[in-house]
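**Q** Turn this into a structure:
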Amino acid sequence: MTPTTTTTAGGVQVVRPTVASHVHDYWGRVRGGDLGSLPAVLGLILLCLIFGIARPTFFSAVNFANLFSQSAAVIFIAMGLVLVLLLGEIDLSAGFASGVCGAVMAILLTDHGWDWFTAIPLALATGLVIGFGLGFLVAKLGIPSFVVTLAGFLAFQGILLVLLSGGKNVSIRDTFVLAVANNNMSAALSWGLAVVAVTAYGVVQFMRIRGRAARGLVTEPIGIVLGRIVGLAVLLFAAVAVLTQERSINPLIISVKGVPIVAPMIAVALVVWTFVLGRTTYGRHIYAVGGNTEAARRAGIPVDRIRISVFVIGSFMAAIGGIVAASRANSVDPNSGGSNVLLYAVGAAVIGGTSLFGGKGRIMDAVIGGAVIAVIDNGMGLMGFSAGQKFIFTGLILLAAASVDALSRRRAAATGNR
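**A** As a prediction, this is how the structure comes out:
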């Protein structure tokens, strides 16, 4: 048993592990197969060092900002796929579903003259309808998700061609939509949001300790909590310091600096879905169904509704990804959501640490995995590698992540840590 210290708080006995015992317990979980996002984080650091040494421009403010716009759409789609994968299901239609939703928005904006505040909600509603249809077929008719979403992959590609009249390109001129993936916040707002984010995170962490202590539950060591807060502050402030540098070639004509708008959008989605999965009954039900469907059903959990809901959320997040992708490209075309979008989104979730077998994963996995894929694509591009070479390397990284997942599950089963 790991060493702990005991104190009293308001007459309630509280068990407080020491920093050393907390680290020891974490290392024990890692050795037992509970790796989480550790391989992805280490891989991301290693890749950044390799590309940064090979091409110093990799660490420039311009390139750092580009990484956000390059990865944003994939990260949003991957967030939705994390919830689907938690049930041990798959959604192969997410890429073209995002393209259909982006096309709906673009057509309403350009061809019908709608405003963004009506076109965007309808595009998001389209995603909800798509998700409900997929989830209903999987949960109520019992059709494997692989088959249903593969059919969706083909059907949505056809719908996209129909919407775009066989192959036309629809340009987007709405300034609000274009700003989503292409504009930046002011330097003052960038710093202000960073300070608010660190402060809010710190308050939440200490409130959590206080709440657990009041109920007599084991709390994390203060040193560990302070380390997280300081780590987040260093990471955010360093990123803001880089992004608030002038990135324009000719700043006298136009100034380009500040955190890209998509960055706080990703942060908000991360906070919301992390709270849903970690702090709500619904989130616990998702993990329960993904861990053991039959046991969850016998416990009274509405398994079918959970299955439908994750596909609805998955397609909703795909719709957001489609809107962001359309904003970045300033248009939609028949290939929107196609090519490598789905592969990168699934890869981001798996590389980040979400298990393909269900029951294990976090929304943060999508962000970390999306960052890994963006760094690979960006860094290898700067080094002059061809598209084929980038696909091969990304595929090997995905295979490695899936192998780590399988081996860690085997290790966890052998050590009784499942």
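
**Q** State the helix or strand in which the residue nearest in space to the middle of the chain lies.
**A** Centroid check for the chain by Cα atoms, centre = their mean gives residue 366 as the closest residue, at 3.0 Å. Taking DSSP states H and E as the criterion, the element that holds residue 366 is helix 363-382.

**Q** Could you identify the helix or strand that succeeds that helix?
**A** Using DSSP H and E, the helix or strand that follows helix 363-382 towards the C-terminus is helix 387-415.

**Q** ok so, going back, roughly how far does the residue nearest to the centre of the chain sit from residue 18?
**A** 33 Å (Cβ to Cβ, to the nearest Å). No exception for glycine: its C-beta is placed from N, CA and C like everyone else's.

**Q** contact partners of stretch 56-66?
**A** Residues from elsewhere that reach stretch 56-66, judged by Cβ atoms under 8 Å, 6 or more residues apart in numbering: 48, 51-52, 184, 239, 242-243, 245-247, 257, 260, 378-379, 382.

**Q** Now flag whichever of those residues is closest to residue 228.
**A** residue 239 (16.5 Å; Cβ to Cβ).

**Q** so who does the closest residue to residue 381 other than its chain neighbours touch?
**A** Spatial nearest neighbour of residue 381, excluding adjacent residues (Cβ to Cβ, 6 or more residues apart in numbering): residue 390 at 7.2 Å. When the contact criterion is Cβ under 8 Å, 6+ apart, the partners of residue 390 are 376, 377, 380, 381.

**Q** Okay, buried residues for the one helix or strand residue 305 maps to please.
**A** For residue 305, the host element (DSSP H and E) is helix 303-329. For helix 303-329, a neighbour-count test (16 or more other Cβ atoms under 10 Å) marks 303-304, 306-329 as buried.

**Q** so where's the stretch 151-300 of the chain uncertain?
**A** Within the stretch 151-300 of the chain, the stretches with pLDDT under 70 are 166.

**Q** again, only using 50
**A** Applying pLDDT under 50 to the stretch 151-300 of the chain flags no residue at all.

**Q** How far off centre is stretch 391-401?
**A** Stretch 391-401 has its C-alpha centroid displaced from the chain centroid by 18 Å (Cα atoms, centre = their mean, to the nearest Å).

**Q** same question but for stretch 192-208, I mixed them up
**A** For stretch 192-208, the distance to the chain centre is 20 Å (Cα atoms, centre = their mean).

**Q** residues of that stretch that come out buried?
**A** 193, 194, 197, 198, 201, 202, 205.

**Q** neighbouring contacts of that stretch?
**A** By Cβ under 8 Å, 6+ apart, stretch 192-208 touches 185, 225, 228-229, 232-233, 236-237, 239-240, 259, 264, 267.

**Q** and with 10 Å instead?
**A** With contact meaning Cβ atoms under 10 Å, 6 or more residues apart in numbering, stretch 192-208 is reached by 185-186, 219-220, 222, 224-226, 228-230, 232-241, 243-244, 259, 263-264, 267, 271, 275, 279.

**Q** Please apply the same query to stretch 153-169.
**A** Stretch 153-169 is contacted from outside by 91-104, 106-107, 130, 149, 152, 170, 318, 329-338, 342, using Cβ under 10 Å, 6+ apart.

**Q** Okay, and which of these map to helices?
**A** Within these, residues falling in helices by DSSP state H are 94-104, 106-107, 130, 149, 152, 318, 329, 342.

**Q** picking that back up, buried members of the contacts of stretch 192-208 into ChimeraX, please.
**A** Selection of buried members from the contacts of stretch 192-208 for ChimeraX, criterion 16+ other Cβ under 10 Å:
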select :185,219,220,224,225,229,232,233,236,239,240,243,244,259,263,264
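
**Q** So which of the contacts of stretch 192-208 sit within strands?
**A** Judged by DSSP state E, strands contain none of these.
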